[in-house]
Each structure stands twice: as C-alpha cells, then as structure tokens.
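Student: this one's sequence-less:
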C-alpha cells in the first residue's frame, strides 16, 4: 500500500468549490502532508481549518508551487490560464476545475469512472469536465462499453448553484419576495428564475446553441468517444442544488432493458434508483450532498430500434465539481504518477 | 355571416377549467343565446356571472340537455362517461375536456389549428386533447405538413396548475414553509415539488412510462399522423402556470432552418419568440394568461441528417384546456355542424 503523503495546493481556497474541495480532501482522508491554501492577494492571511488545524492562505503566484505535488485549481478560467502552466513547470500536477483547458488537445479531460487511463498522458495539467457532462458520462459509460452508444438527445434541468453563490442568492431572494408580494428583481439571470424555466445557460454561440450545450457535445466526445453525436438542450430551473437530466440514447447493438439495469446496478459511481411502483426515481432533493450519480426511469424507447430513456441526477457541486477533481488526484496516486 | 345564437351548457361550471371556459366564452363573444351552467347537486342554485347577468347553476343530469346545442364538459372522466352520451342522445354536441373519450375510435380528437376537419365526422362527442399534446401539435403541424416528421423526442417542464387547485396550493404552501424554515409537507405529489423536479405525472403504466407520457404518444398519432413515433419524458417542476417543452424532431425531407422559422412565423396559434442575441425565447412567465403557443430556441440538430431542436411554451389552462375546447365549439359553428 502506498503510504506516501503529498504537498497539496488548493488554488481558489476561499471560493465555494475550493471550500468544498478542502472538505472533500478531509472526508476522503486524502494523504496530505502539507496543505497550501492559495487565493488572490486580498485573501492573504485568512485562515482555513483543515483536519482541525488552522492553515494560513497564501497568494497564488509564481514561486509558491516549487514544493507542490498536486495543485487543485478552482479559481476561474483566467487564473487557470496564467497560473496552471507556472505550477506545472514548477513540477506540480494541476487538476483544473475551470473550462480553460478542457478542449486543449494536450490536456486530458477526465472522469475517473470513465476514462481513468487518460491521466497517464498528462503533461502537467488535467482538466475536470463540466458538471452536466460528468454525471451523463458516469451513467452512460457502462452502457457504451457493451452496446456502443451512437447518439444522445439530452434535456437538462439545472440547479442555480451551477451559477455559484449569486445564483443561489437570486432564487432565494426572488422566492422570499414572491411570498410577501414584492416585485422580483433579476440580476444574475436574464429573466425571473423563481417559478420559471430558462432555456439559456452560459452565452449563445454562433450556431444558436449555448456554450453550456456545446460543452456537453465536445466534452462527451473527448471523454467517451469521438464518434458519439450529442443533441443537447440546457435549461435552468428553480432548484437550489443537483442537476437532473432527461437522457435519450440510441445504441448500435441491441440490448435487453434488464441487462442495462443490471449493468448500472454494478457500475462505479452509480446509484440505481428505479422502482416506479413505489414512486422511486432520482430526485434533486435526494441527490443533494451525495457523491453518487442517481439513475432511474430506465425504459425502452419504442420509437427506434435500439433506444432507451433514462433520468439522471447528481449533486452539481459534489460529483459535478469538487469530488471529481479530488478523485482525479486519487487516481494520480493510484497510478503512481505523483 | 352566421348570426345564429346557441344554447350552450358548461358541465363542471364551478370547477377551475369550467370557470375559465365561461370567461373564454365571454372574451371571444361566443354566440350564446342561453348559458346553462351545470354541476353536481351540491352546487345547485349557485350563481355564475355571465355577460353581467347572474345565471343559476342547475344539476348536470338526464333531462337538462334537451334544448342544448353545444355542451362543454370539464367535470372529470367519470361524469363524462355517464353524461356525454346522454347529452349527445338529447341532440347536443359534446366537447369534452376529460381523457375519457380521447382514444375512442368513434370520437374525434381535435386541435382546431391542426385537424379541424375531424370535427365533421363527430357522432355527438368531440374530445379535447391533453394540454402537453395540444401545444406540441400547434408548434409541429406546420413543419409536419412541409417536411413530414418521422420521430419526436420530447421532455416536458410542466406547471403545477396541471394538477388543478391542489397542485397550485401545494407549491404555494411549500414555498411559504421553506421561507420560514418549516418542514415541507407533500400531499398532492409523491415528493416535494418546491425546488425539485419530479419525473412522474399521472400513474405509471405497464411499460414503465407514465400515463401522461403515453397520452403524448397516442394523442399525437391520432391528431397528426398515425406513423409518427414519439419518445416522451414528462416532468413536473416548480412553476405555477404554463408548460415548457424541449422538443427534438427528425423529418423525412431536408429543410433549411430559416424556412422553418418563416413557416412558424405565419402559423395559426403560434407566436415566434426566437432571438438569442437579445435573450428572447419562450418562458412560462411570458406565456401565462396568453392564448398563443410560444416557439423559440429553433436550431438544427447536427446529430442526425434532418434534425431540429426547439423550445415550446403555452399556458396549460388556456390553450391547454379552456381555450381549445371553446375553439372546437367555434369550429362547429364555422363548419355548419350545429
């Protein structure tokens, strides 16, 4: 058993996902020798509690990465573009939660349950996929292995925590204002999010898809199989935490539904929850705070030869962000890359 | 111009949809000679305001339909099964809003913008489709006419008013309880609906689809084309009014997206709302209280040869129920069937 311990930096240690990363390192007993919480100069000297010890936040800048083995980044795309190469050059392996490096052909994009082997060809930076993609990959990979998925049509039901604290605050405030009959004010979203469904996440691209939708297309192809076609619609709904997805797939090979249920029941990172008779199916309120990707409403799509429908739910801040990042760190240790 | 006026019964006059029907008759200047509001014995003698006149509610039973030309029913499936044949035998044409007669091969199922000609073969009863089906039909019929739709994959985002007053009350109460930190209690829905997405509307069938989902399959085939394949997922979300739908279609013939936009821009009952640059797309909050079916987010589905994605929103109580029923009545007059 590998008993080595590591110097671990968390860049963006004061942010919501950075904090969740530090909690996850604790909860999973990650073999930390020294924790280096890093953030912007304004947060220098702030204290982080880690394994009951107070650790002071230092500035994320050139020079601080010299003794770092693994640097977990969640500091936004610009900070990542600047500092990840510096950290990598200093000898750290960067696991980055922003979208900055995801589509760089020299950077692996990894979901540990799906393409763990891709960490092997890292050149110092590994990217963590978008939350909506991660949970879809965990649910679909076991099916793809056996039956070869050709096409995915997916519609999402995404939580406001995907927009961070401003999203949570806006839904919370609008809900309170609604109850007392005050006018609802929208700042974070272009329209009222309380009691509404907004088919618009991230910016619109030239092809009239949103960036969030195109992430699901390109990241799926990079992580799972470049030949898979994805047709996405990404929608924000008034849920605080956990993304739900209505997923329709078409496979090349014929399957029995009970075989797919059996596959998913034994799949890593998947929690099968599928018993219509007792009203059991994945729900945002059930997945909240949990590590697993919940899968249910599994049923044959009778409209094509080899079609299947399913409902997939996961906590967008856990498996969709902090947890997957730390799991990539665990993978680096397991595969003796650090 | 046909200046004839009609004796019109509204069965279930005290219910939410019945009330909306009476408002719609007023708003559209339906040529009513006499309004007969009918309901259960407990509501006998209650007064309805119609065109500034008080009208007393009578009991819906054998004998009251003798002089009725058109009877609009929204009294639930059981009352419809019992009373619609009685009303029809007495000489009225029944337009029924329940699901009781929809799949009866001797009963036309009609969306006036889609299959108006089907009223011609009525034998005394005409059925009003399910709300989720109606808005999808209005949006897709113009496309089907030109390009022949082969397959539809649809995921819905449905409002609680689809469950009537109990649904509205439950979301309202849970929202209030959430704000003051009280425990949320679920009675109408099997799970918490506030801040959640429940992939379960109506009962589960043997094939693990819900009845709501199978309505979208069978009603689409009956209204538009028996050869169309539909793969549905029906989901309840915390929205009070208006259903949203993420619709993916595959056509037989190739199309240009701009031609489809042009078609929809001129389609009856459709309001095109599609300008990503200015954040314009259909929203539940915009469709509320409106008659039109709003269509936007129209974009090519690059994953198949002739694929298209769109976002369709309509008020489930107006076009999804009361309005469509009254429009069928107008159609009966226009086609000299009454």
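Tutor: That came in fine, so what should we check first? Note that the coordinates shown come from a computational prediction; the quantities given were computed from them, not determined experimentally.
Student: CA only for contacts and neighbour counts going forward, please
Tutor: Will do.
Student: please name the bridge partners of residue A:48.
Tutor: Legend: beta-bridge partners of residue A:48 under DSSP bridges are residue A:55.
Student: and it, how many residues sit next to it?
Tutor: Each residue near residue A:48 was counted by other CA atoms under 10 Å in any protein chain shown, and the total is 19.
Student: try residue A:119
Tutor: When neighbours are counted by other CA under 10 Å, residue A:119 comes out with 24.
Student: quick check: pLDDT value at the residue lying closest to it once chain neighbours are set aside.
Tutor: Beyond its immediate neighbours in the sequence, the residue positioned closest to residue A:119 (CA to CA, 6 or more residues apart in numbering or on different chains) is residue A:108, lying 6.2 Å away. Note on residue A:108: pLDDT of 98.
Student: the one 4 residues further on too?
Tutor: Residue A:112 carries a pLDDT score of 98 in this model.
Student: helix, strand or coil for it?
Tutor: What DSSP: H, G, I helix; E, B strand; the rest coil gives for residue A:112 is coil.
Student: end-to-end on stretch A:215-234?
Tutor: When the termini of stretch A:215-234 are compared using CA to CA, to the nearest Å, they are 10 Å apart.
Student: actually stretch A:285-297, not the one I typed
Tutor: From the first residue to the last, stretch A:285-297 extends over 16 Å; the measure is CA to CA.
Student: residue A:210 - how many residues pack around it?
Tutor: Neighbour tally, residue A:210, other CA under 10 Å: 21.
Student: my error: substitute residue A:61 in the last question.
Tutor: Going by other CA under 10 Å, the residues that sit close to residue A:61 add up to 17.
Student: for the residue nearest to residue A:119, give me its contacts.
Tutor: Neighbouring residues of residue A:108 by CA atoms under 8 Å, 6 or more residues apart in numbering or on different chains: A:102, A:118-119, A:121-122, A:125-127.
Student: residue A:109 now?
Tutor: For residue A:109, the residues meeting the contact criterion (CA under 8 Å, 6+ apart) are A:102-103, A:118, A:126-129, A:219, A:222-223.
Student: give me the distance from the helix or strand of chain A with the lowest mean pLDDT to the chain's centre.
Tutor: Scoring the helices and strands of chain A by mean pLDDT, DSSP states H and E places helix A:16-27 at the bottom, with a mean of 92. Relative to its chain's centre, helix A:16-27 lies at 14 Å (CA atoms, centre = their mean, to the nearest Å).
Student: now swap in stretch A:315-335 and tell me
Tutor: Its chain's C-alpha centre and that of stretch A:315-335 lie 9 Å apart, by CA atoms, centre = their mean.
Student: whether that stretch contacts chain B - can you check?
Tutor: No: applying CA under 8 Å from any CA of the partner chain, one finds stretch A:315-335 out of contact with chain B, separated by at least 12.5 Å.
Student: straight-line length of that stretch, end to end?
Tutor: Its first and final residues considered, stretch A:315-335 spans 27 Å by CA to CA.
Student: which residues in chain A form helices?
Tutor: Listed in chain order, the helices found in chain A under DSSP state H are A:16-27, A:77-89, A:131-147, A:164-179, A:211-223, A:257-265, A:284-287, A:323-334.
Student: now render those as a markdown table, adding mean neighbour count.
Tutor: Shown next, in a markdown table, are the helices of chain A (neighbours: other CA atoms under 10 Å in any protein chain shown):
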| stretch | mean neighbour count |
| --- | --- |
| helix A:16-27 | 19 |
| helix A:77-89 | 18 |
| helix A:131-147 | 22 |
| helix A:164-179 | 18 |
| helix A:211-223 | 21 |
| helix A:257-265 | 15 |
| helix A:284-287 | 21 |
| helix A:323-334 | 21 |
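Student: and those helices: which comes nearest residue B:16?
Tutor: Residue B:16 lies closest, by CA to CA, to one member of the helices of chain A: helix A:164-179, at 22.8 Å.
Student: okay, and which of the contacts of residue A:109 map to strands?
Tutor: Taking DSSP state E as the definition of strands, those contribute A:126-127.
Student: who wins for neighbours among the contacts of residue A:109?
Tutor: residue A:129 (31 neighbours).
Student: how far away is the closest residue to it other than its chain neighbours from residue B:263?
Tutor: On the basis of CA to CA, 6+ apart, the spatially nearest residue to residue A:129 that is not a chain neighbour turns out to be residue A:109, at 6.2 Å. Computed as CA to CA, the residue A:109 to residue B:263 distance reads 42 Å.
Student: quick one, what contacts residue A:271?
Tutor: Residue A:271 neighbours (CA under 8 Å, 6+ apart): A:264-265, A:292-295.
Student: just the pLDDT for it.
Tutor: Predicted confidence (pLDDT) for residue A:271: 98.
Student: tell me how far it lies from residue A:282.
Tutor: Plainly put, residue A:271 is 9 Å away from residue A:282 if you go by CA to CA.
Student: same question for residue A:206.
Tutor: Residue A:206 sits 34 Å away from residue A:282, going by CA to CA.
Student: residue of the stretch 51-200 of chain A closest to chain B, please.
Tutor: residue A:195 (4.1 Å; CA to the nearest CA).
Student: what's the closest non-adjacent residue to that residue?
Tutor: By the measure of CA to CA, 6+ apart, the closest residue to residue A:195 outside its immediate chain neighbours is residue B:239, 4.1 Å from it.
Student: can you give me the end-to-end span of stretch A:42-62?
Tutor: With CA to CA, one end of stretch A:42-62 sits 16 Å from the other.
Student: and the residue lying farthest from the centre of chain A, what's its pLDDT?
Tutor: In chain A, residue A:181 marks the outermost C-alpha relative to the chain mean, sitting 36.1 Å out by CA atoms, centre = their mean. Residue-level confidence at residue A:181 comes out at 96, pLDDT.
Student: near chain B, which residues of the stretch 201-338 of chain A?
Tutor: On the criterion CA under 8 Å from any CA, chain B has as its neighbours in the stretch 201-338 of chain A the residues A:204, A:207-209, A:229-231, A:233, A:237-240, A:244, A:246, A:248, A:276-277, A:279, A:281, A:283-285, A:297-299, A:301-303, A:309, A:311.
Student: walk me through the domains of chain A.
Tutor: Per the record, chain A has its domains at A:6-128+A:321-334, A:133-316, by automatic domain parsing.
Student: of the ones you listed, which is nearest residue B:77?
Tutor: Comparing these by CA to CA, domain A:133-316 comes nearest, at 23.5 Å.
Student: any idea what the closest residue to residue A:214 other than its chain neighbours is bridged to?
Tutor: For residue A:214, ignoring the flanking residues on the chain, the nearest one in space by CA to CA, 6+ apart is residue A:232 at 7.6 Å. Note on residue A:232: beta-bridge partners residue A:154, judged by DSSP bridges.
Student: and which of the contacts of residue A:109 is nearest to residue A:322?
Tutor: Distances from the contacts of residue A:109 to residue A:322 were compared by CA to CA; the smallest belongs to residue A:128, at 9.2 Å.
Student: the closest one contacts residue A:324, doesn't it?
Tutor: Yes: counting by CA atoms under 8 Å, residue A:324 is a contact partner of residue A:128 at 7.0 Å.
Student: what touches both of those two?
Tutor: Here residue A:128 and residue A:324 have residue A:111 as joint contacts, going by CA under 8 Å, 6+ apart.
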